[in-house]
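>>> curious how this folds, go ahead:
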Amino acid sequence: MSYQRLTQIEFNHCDPAGIVFYPRYFEMTNSVVENFFNDVVGRSFASMHRDANNGVPTVSLNAEFVAPSRLGDKVLFSLQIEKLGRSSVSLRIEGHMGAELRLRVALVLVWIEGMKSAAWPEPMRARMAAYMEGAA
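Below is the predicted model:
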């Protein structure tokens with residue numbers, strides 16, 4: 001199962017050639033992660049960062065820029081959990097325009113409490129498990 005979000009490429013995402021400036025993809029993928037945690041996992045980044053002493057910092061990030069996206073394109077980002085550890089989660093995010101792959105990102109997040117890694121709270125872990133690769 002995957003979590004999906006549609007993003008329209010805007011002027012602020014583009015370089016002078018009219019294609020996505022690659023660091024903007026990291027902002028877009030972070031938005032997908034942030035909304036996944038809010039919509040699916042049940043913890044908004046605001047509640048984690050503002051109201052509690054926890055969060056999900058990125059500890060590893062690998063990106064492949066497969067094809068350019070241009071101003072006005074609508075890119076569908078899909079997030080899938082590949083591995084769920086005691087305190088970490090490995091995600092795969094792909095961005096497609098129609099059938100064309102534009103971007104592939106592999107990232108690892110770690111659950112922290114008080115600036116130290118900690119085991120995922122069980123309600124969060126159960127919700128994430130539904131999005132693991134191969135889950136029905």
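>>> quick one: contacts for the spatially most central residue of the chain?
The residue lying closest to the centre of the chain (Cα atoms, centre = their mean) is Val33, at 3.1 Å. Shown in contact with Val33 (Cβ atoms under 8 Å, 6 or more residues apart in numbering): Val56, Leu79, Leu91, Ile93, Leu107, Leu109. No exception for glycine: its C-beta is placed from N, CA and C like everyone else's.
>>> just give me the closest of those to Asn62.
The nearest member of those to Asn62, counting by Cβ to Cβ, is Leu107 at 7.4 Å.
>>> kindly state the beta-bridge partners for the nearest residue to Phe36 once chain neighbours are set aside.
Closest residue to Phe36 apart from its sequence neighbours, by Cβ to Cβ, 6 or more residues apart in numbering: Tyr3 at 4.8 Å. Beta bridges link Tyr3 to Leu79 when assigned by DSSP bridges.
>>> surely Tyr3 meets Leu79?
Yes - judged on Cβ atoms under 8 Å, Tyr3 makes contact with Leu79 at a distance of 4.5 Å.
>>> list residues touching both of those two?
Val32, Phe36, Tyr131.
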